[in-house]
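# how would this look folded up:
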Amino acid sequence: MSDTVVRQAPQAPATSSKHRSVASPARARRRVRLSSIGAHALLVLAALWLAGPFVWQVLTSLKSLTEATSVPPTWLPQNPQWGNYGTSLHGGVPLTAMLVNSVLSTVLRTIGQVLFCAMAAYAFARLRFPGRNVLFALYLSVLMVPAQLLLAPQYDLMLHFGLLNTLPALILPGMFGVFGTFLLRQFFAGLPADLEEAARLDGASTGRIFWSIMLPLARPGLVALGLLTIIQSWNDLLWPLVVNTDPAKMTLPVGLAYLQSLFPTNYPVLMAGSLVAVLPLIIVFVGMQRRVLEGIALSGAKG
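Numbering: from 1, shown residues only. Below is the predicted model:
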């Protein structure tokens, strides 16, 4: 009996340590699960907080004027007023034509910026020619000049070419940019030179190397420049007012300013017009989201 007691006595600590070793991973997994749930809950709350103004804009665009100005405010419209969108598009302001002008100018500006800035950036980053660094420094000095000071010479150029009150007047000055050249030059300078040297050994010309090798590798930078150009062009208000006087040749931001002057207190109509102006950018972002994330991933892999 005594031997049995002596042999069985040490087994109790071993069993408890085994339970502790089994319980500790389960407790760690529970902690990780709880922290993940807390992080996702915070992200959901932040998303709801950021999406709140947009949801309120959509709801207000469907309310009547009485519901939009009632105190306390009503959240949901009793009878959705879809006619607010018709009023915003055809209520004295050619908002539909302005929307088409904005789309055309934004698309053509973006194509021009990406194309011309990429060619200039590749020349400054990869080609060797006398005075390259001095010329690039002079090129960058334009960034120190306020954009408002360039309005007069740009207007003079449009007047000289006879392009006032035309769509090309909206598009041409925005197809070139110093910042885009600087952004893409930094990206081209960071690309490996081995592929370029191998292509030259195979007999590829400079243009062939640029179009077939370097430009696809610079896709993350091109996407970033394209998004920045889209946002800047879509929200441009000052330049259309300078070069155009015909409302049918204006862009959407100018149309929203006209709409506010016609319906200063009709908030549902104003919200409907602003939603028409915001919706294309949301569609572009949703459509290019995968490309943007892919570009960020590729940039991180290179770093």
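# Where does the prediction get shaky in the stretch 201-303 of the chain?
In the predicted model, the stretch 201-303 of the chain carries pLDDT under 70 at residues 291-303.
# Just the helices from the stretch 201-303 of the chain, written as ranges.
206-209, 215-217, 219-234, 238-243, 252-262, 267-302 (DSSP state H, counting those that start in this stretch).
# and G86, which of the ones you listed is closest to it?
Set against G86 and scored by CB to CB, the helices of the stretch 201-303 of the chain come closest in helix 267-302, at 8.7 Å. In short, each C-beta sits where N, CA and C put it, glycine included.
# picking that back up, any chance of the helices of the stretch 201-303 of the chain in JSON lines, plus distance to A26 and mean neighbour count?
Shown next, in JSON lines, are the helices of the stretch 201-303 of the chain (distance: least, CB to CB, whole Å; neighbours: other CB atoms under 10 Å):
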{"stretch": "helix 206-209", "distance to A26": "58", "mean neighbour count": "14"}
{"stretch": "helix 215-217", "distance to A26": "47", "mean neighbour count": "15"}
{"stretch": "helix 219-234", "distance to A26": "42", "mean neighbour count": "20"}
{"stretch": "helix 238-243", "distance to A26": "63", "mean neighbour count": "17"}
{"stretch": "helix 252-262", "distance to A26": "58", "mean neighbour count": "19"}
{"stretch": "helix 267-302", "distance to A26": "34", "mean neighbour count": "16"}
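# TSV for those, including distance to Y139?
TSV is the format used below for these (distance: least, CB to CB, whole Å):
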stretch	distance to Y139
helix 206-209	20
helix 215-217	20
helix 219-234	16
helix 238-243	22
helix 252-262	29
helix 267-302	24
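# Quick check: which of those is nearest to L127?
Short answer: helix 206-209, nearest of the helices of the stretch 201-303 of the chain by CB to CB, at 7.3 Å.
# For the closest one, C-alpha coordinates in CSV please.
Output of helix 206-209 as CSV, limited to C-alpha atoms (Å, rounded to 0.1, in the frame of the first residue of the first chain):
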residue,chain,number,x,y,z
THR,A,206,14.6,52.7,-77.1
GLY,A,207,10.9,53.0,-78.1
ARG,A,208,10.4,49.2,-78.0
ILE,A,209,12.0,49.0,-74.6
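# and that helix, what other elements does it pack with?
Where contact means 3 or more CB pairs under 8 Å, 6 or more residues apart in numbering; DSSP states H and E, helix 206-209 is packed against helix 194-201.
# Distance of the spatially most central residue of the chain relative to L140?
Centroid check for the chain by CA atoms, centre = their mean gives L227 as the closest residue, at 4.4 Å. Applying CB to CB, to the nearest Å, the value for L227 to L140 is 22 Å.
# Likewise for L252?
Taking CB to CB, one finds L252 at 32 Å from L140.
# can you check L89 too?
Separation of L89 from L140 (CB to CB): 43 Å.
# These two: who's more crowded?
The neighbour count for L89 versus L140, taken as other CB atoms under 10 Å, is higher for L89 (20 against 15).
# Which secondary structure state is assigned to that one?
helix (DSSP: H, G, I helix; E, B strand; the rest coil).
# I'd say it and M98 touch.
No: counting by CB atoms under 8 Å, L89 stays clear of M98, with 9.7 Å between them.
# Need the pLDDT of the nearest residue to L238 once chain neighbours are set aside.
Nearest non-adjacent residue to L238, counting by CB to CB, 6 or more residues apart in numbering: L151, 7.4 Å away. With respect to pLDDT, L151 scores 90.
# how about L151, what does it touch?
L238, W239, V242 (CB atoms under 8 Å, 6 or more residues apart in numbering).
# and if you look at S88?
With contact taken as CB under 8 Å, 6+ apart, S88 is in contact with L95, L259, V269, L270, A272, G273, V276.
# mind checking pLDDT for it?
Value listed for S88 in the pLDDT field: 86.
# Against G38, how distant is the residue nearest to it when sequence neighbours are not counted?
Computed as CB to CB, 6+ apart, the closest residue to S88 that is not its neighbour in sequence is G273, at 3.7 Å. Separation of G273 from G38 (CB to CB) stands at 40 Å.
# next helix or strand past whichever helix or strand D156 is part of?
Assigned by DSSP states H and E, D156 belongs to helix 151-160. Once the chain leaves helix 151-160, the next helix or strand it forms, by DSSP H and E, is helix 167-171.
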